[in-house]
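Student: Provided below for reference: sequence and predicted model.
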Amino acid sequence: MGLQIGDGSWELRLLVTDLQVERTLRVQGEDHIGGVMIKLVDILDIAMDWSDHAVWWPLKNIWLNNTRWTLDQYNITADEMLYFTPMHKTLRIQLPDLRFTDCQVDFSIKSFNAVVNLCKELGIRHPEELSFCKPLDSDHLKFNYGSLQKAERSRRVTLAAMPVTPRHDTNTFIANSETLRRKSTNSSPMHKKISRGDITIGTPKLNSKSYGSDWSLAMSPPPTEEARETIVRPKSLVEKARMNVAWLDSSLSIMEQGINEFDTILLRYKYFAFYDLNPKEDPVRINLIYEQAKWQILNEEIDCTEEEMLLFASLQLQVGLQANVPQPQDDTEDDIESALNELQISLDGGYTNKAEDITQIPQLTGYLKYLKPRRFTLKGYKTCYFVCKDLQLSSWKNSEDSTDYSQEPNFTICLKGCEVLPDVNIHQGRYGIKLSVPSSDGMSDLWLRCESESQYAQWMAACRLAAKGKNLADYGFDQEVSAIKAFLSMQHPAHSPAINPSTLDIQVEDYVAPRFVKRKSKVRQRILEAHANVKDLNLIEAKMNFIKAWQSLPEFGVSLFVVKFHGERKEELVGIAYNRLMRMVLQSGEHITTWRYNIVKAWNVNWETGHMMIQLGNGENVIFQCISAECKVVHEFIGGYIFLSMRSKDSSQVLNEELFHKLTGGWT
């Protein structure tokens, strides 16, 4: 303990961490932090750049960032030890493709801002979609956050203790159009070749640099054995929910969350709302999203059917084969035309797809089978005549009734804002559409069944456009129909593979999830047959189709949490997606209720008890306690998705970090 003397001064110990030198200064309570730093540097008398150093208080686990504050204001006394340490430290970052790289990261700023700076160095656009998380192992999936022992929690996966400061309300939605600014990246992958039989699969050329022009993120190497050992495979929905305990608090610095220099930390896409995914500007971003999607599927973090798995495997194989092939370069003269087409498609309302004037509102009609599950307790599908017109879907007994103005429809629903999910199995001849329609009680479900692939493509396109508020006269309808048909064609069983199986050595485990690996020779043959449908895709097209297929899965983009609702004794699940919250059954994942963000008025958190309250537009309050992670993680997901929904199409937009922290932070 420092010895006080008559003039009110006392001794303060400071450790210079990078030199491992301890110095004792005589200070007074009115000395400000900046002055203490200057006095320490003068005593050290070492000619070096100290501009990256700051003061860290290990006992309180905080940075003394406000250099104008005095020691008394920080309540620092004579028995304290402070660290004078660099703000930028080396972290071992594992990227979404499982490769490791050492990066200099700022430990003194909020982790969200640290991610933004890192992504700028790596050339990754839209860094607000990513976040840091701590590595997990399989043992962490066996318990809920609340039941883990305190020592184990602090060792690996919990958030650091929250600072005892007033927490500000963040339940107000704030509209802001200036959110982001585009930054073009120029990446040219350099490859080395790994021979597998007579055909080679490319991987990027890496060098000793942490990152730079020769170190391409637009292509990924095969994972090392060390990387494979970090893979965690959840075996149930509950274990999938427990994985979300690992996310870092975006409002706290990395140092405040128990992470030390040279620790390993994961960089992952946290928010599954990918904005302006542009093949020309985003080769790096597309590759990292593709890699994270691939490992989600292979690790069974997201479920898919065997038919879908074969499609993913065939696209993954095509990506590997195309890595060695020179990719087509767009002619300069086509850039203007391409830009105009993209602008036309992106404009709200679009253009009509007919040269002549439309004298009446176009409509789509036909006989479909339908089912209203659970809520309406219908036991089987019924057949009715449906009319889709001007964002409305109406059901009639037959086509004659639909033209008889004296007849009322069986029911009519508004498709704007509804959720549209495919329910397709080509092998079984099932072409279904699952609609979740906003209602006063949350969401109500309507399942449609089409008779053919062609009918499905039209109705699916109509429902998707109507959900976005666009009718059948929209420019994108025909394009959407063509895209759906092209996607379905990739899933058709091929009669024979396009590649001689003897020329390519496929390790089945690298292409399909473990539950599909039964008879390897048969699976290998089916992968090659499925590949015949995608053999003409180039590298970016194969990755983009993989991402689109991943986005079509029913479980895509839903982050799960184990919770207890107020007044309920049993545990349930809450799923958070880009536009909605879902209450789900713990074991089966069956949806009980869905609340879209546009009916949520506010959300509040009781930080002491860990309870979250969602205030709905109808006056109802939904209260639950998260037990698989800190409630701060749930709070960040909701606020983060609302922030992402505010991004505009203005190319000059700037990332509004203040707004992000206001919606996700909970305190200042």
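Tutor: Done, it's in.

Student: Would you list the phi and psi of G35?
Tutor: phi -70, psi -40 (degrees, to the nearest 10).

Student: ditto for K520
Tutor: Torsion angles, degrees, to the nearest 10, at K520: phi -60, psi -40.

Student: Tell me the spacing between it and L315.
Tutor: Distance of K520 to L315, given as Cβ to Cβ, to the nearest Å: 20 Å. From N, CA and C alone the C-beta is placed, and that goes for glycine too.

Student: Mind checking which of those two has more residues around it?
Tutor: L315 (29 against 13; other Cβ atoms under 10 Å).

Student: So the more buried one belongs to a helix, correct?
Tutor: Yes - according to DSSP: H, G, I helix; E, B strand; the rest coil, L315 belongs to a helix.

Student: show me the contacts for it.
Tutor: By Cβ atoms under 8 Å, 6 or more residues apart in numbering, L315 lies in contact with 490, 534, 537, 542-543, 545-546, 549.

Student: So which of those residues is the closest to N260?
Tutor: Distance to N260 across the contacts of L315 (Cβ to Cβ) is lowest for K543, with 35.5 Å.

Student: Ends of stretch 369-385, what's the gap?
Tutor: End-to-end distance for stretch 369-385: 9 Å, by Cα to Cα, to the nearest Å.

Student: now the stretch 1-150 of the chain, which segments are flagged as low pLDDT?
Tutor: Across the stretch 1-150 of the chain, the ranges flagged by pLDDT under 70 are 1-6, 146-150.

Student: which residue ranges form the helices in it?
Tutor: Per DSSP state H, counting those that start in this stretch, the stretch 1-150 of the chain carries helices over the ranges 33-44, 111-122, 150-152.

Student: got the ones you listed as a markdown table, with mean neighbour count and distance to L298 columns?
Tutor: Listed next are these as a markdown table, based on neighbours: other Cβ atoms under 10 Å; distance: least, Cβ to Cβ, whole Å:
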| stretch | mean neighbour count | distance to L298 |
| --- | --- | --- |
| helix 33-44 | 16 | 49 |
| helix 111-122 | 20 | 24 |
| helix 150-152 | 9 | 28 |
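
Student: Test my guess that H53 contacts M37.
Tutor: Yes - using Cβ atoms under 8 Å, H53 is in contact with M37, at 7.3 Å.

Student: just to revisit the earlier point, quick one, which of the helices of the stretch 1-150 of the chain is nearest to A577?
Tutor: Comparing the helices of the stretch 1-150 of the chain by Cβ to Cβ, helix 111-122 comes nearest, at 20.7 Å.

Student: Any idea how far that closest one is from the middle of the chain?
Tutor: In terms of Cα atoms, centre = their mean, to the nearest Å, the centre of helix 111-122 is found 16 Å from the chain centre.

Student: who touches it?
Tutor: The contact list for helix 111-122 (Cβ under 8 Å, 6+ apart) reads 93, 103, 105-107, 109, 125, 127-128, 130-132, 183, 211, 217, 248-254, 257, 267, 284, 655, 657, 660-661, 664.

Student: Separate out the buried members of those.
Tutor: 93, 103, 105-107, 109, 125, 127-128, 130-132, 211, 217, 248-254, 257, 267, 284, 655, 660-661, 664 (16 or more other Cβ atoms under 10 Å).

Student: Among the residues you listed, name the ones in strands.
Tutor: 93, 103, 105-106, 130-132, 267 (DSSP state E).

Student: Among these, which one sits closest to W603?
Tutor: Nearest to W603 out of those is S131 (Cβ to Cβ; 19.5 Å).

Student: show me what contacts the residue nearest to the closest one when sequence neighbours are not counted?
Tutor: Excluding its sequence neighbours, the residue lying closest to S131 (Cβ to Cβ, 6 or more residues apart in numbering) is K270, at 4.0 Å. Going by Cβ under 8 Å, 6+ apart, K270 touches 129-131, 133, 247, 637, 640.

Student: roughly how far apart are K270 and R647?
Tutor: For K270 relative to R647 (Cβ to Cβ), the value is 15 Å.

Student: do the same with D474
Tutor: Distance from D474 to R647, by Cβ to Cβ: 22 Å.

Student: now do V41
Tutor: In terms of Cβ to Cβ, V41 sits 43 Å off from R647.

Student: and the helices of the stretch 1-150 of the chain as TSV, adding distance to G575?
Tutor: Shown next, in TSV, are the helices of the stretch 1-150 of the chain (distance: least, Cβ to Cβ, whole Å):
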stretch	distance to G575
helix 33-44	45
helix 111-122	23
helix 150-152	27
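
Student: Of these, which is nearest D505?
Tutor: Set against D505 and scored by Cβ to Cβ, the helices of the stretch 1-150 of the chain come closest in helix 111-122, at 32.5 Å.

Student: tally of neighbours for D510?
Tutor: Neighbour tally, D510, other Cβ under 10 Å: 14.

Student: Please list all residues in contact with it.
Tutor: For D510, the contacting residues are L298, by Cβ under 8 Å, 6+ apart.

Student: shaky segments in this protein?
Tutor: By pLDDT under 70, the low-scoring segments of the chain are 1-6, 146-215, 330-359, 374-379, 440-442, 494-496, 498, 500-503, 650-652, 667-668.

Student: let's go with 50 and repeat that
Tutor: 1, 149-214, 332-333, 348-357, 376, 668 (pLDDT under 50).

Student: how deep is L317 tucked in, by neighbour count?
Tutor: There are 23 residues near L317, going by other Cβ under 10 Å.

Student: gap between K369 and S394?
Tutor: Counting by Cβ to Cβ, the gap from K369 to S394 is 16 Å.

Student: and if you look at H661?
Tutor: 46 Å.

Student: swap in G380?
Tutor: Relative to S394, G380 is positioned 21 Å away (Cβ to Cβ).

Student: Specify which residue of the two has the higher count of neighbours.
Tutor: S394 (19 against 6).
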